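*Asks:* generate a structure from the sequence data that follows.
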Amino acid sequence: VDSITPNSAVFIYGFGDWTNADSNRALRLDAWSTFNGSGVCPIGYRVPTGAELSAERESWGSQDVAGAFASTLKLPSAGQRKNAGAQDTDNGFHWANDLSGDTGGFQNMKFSAGLSAAQPSDGYTVRCILNTGSPPKPADT
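*Replies:* Modelled structure (predicted):
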């Protein structure tokens, strides 16, 4: 989505947002849910919802890094980059295509804790899943 541009090239600290393109996050939700190749995922794929990530996590033998890697998806223990600069590589963190009512930020899934709210300035992994609905329409050119 070409209309989402960063505010600057520097790392964002605090609870700021990396773009002024959409204060209600509507453009980003659209870019994460589209499956026509114009968003963040390839054609036919999209970012999963929080409910989908939760259901996947609950299907594992253990809700931790070992369970995630043993799952069909073989999810890696991707780390995070928090808006305060801290890093955590001991858990998997993946964005969900849902907003959190608590903060207005996006939801994310941590392998050992499930869904939680995150600030837009946090850095997590995006895992695209196959869209099982209607076939994609060609991206606008």
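*Asks:* now the strands for this protein?
*Replies:* Here the chain has its strands, by DSSP state E, at 45-46, 80-81, 87-88, 93-99, 106-110, 114-117, 129-130.
*Asks:* pull the helix or strand with minimum mean pLDDT from the protein.
*Replies:* When the helices and strands of the chain are scored by mean pLDDT, DSSP states H and E, strand 87-88 comes last with a mean of 64.
*Asks:* residues in contact with the spatially most central residue of the chain?
*Replies:* For the chain, the residue lying nearest the average C-alpha position, counting by C-alpha atoms, centre = their mean, turns out to be residue 95 (1.9 Å). Contact analysis of residue 95 by C-beta atoms under 8 Å, 6 or more residues apart in numbering lists 32, 47, 106-108, 118, 124-126. Backbone N, C-alpha and C define where each C-beta goes, glycine included.
*Asks:* specify the beta-bridge partners of it.
*Replies:* residue 108 (DSSP bridges).
*Asks:* and the end-to-end length of stretch 40-48?
*Replies:* 12 Å (C-alpha to C-alpha, to the nearest Å).
*Asks:* with that, I have no additional questions.
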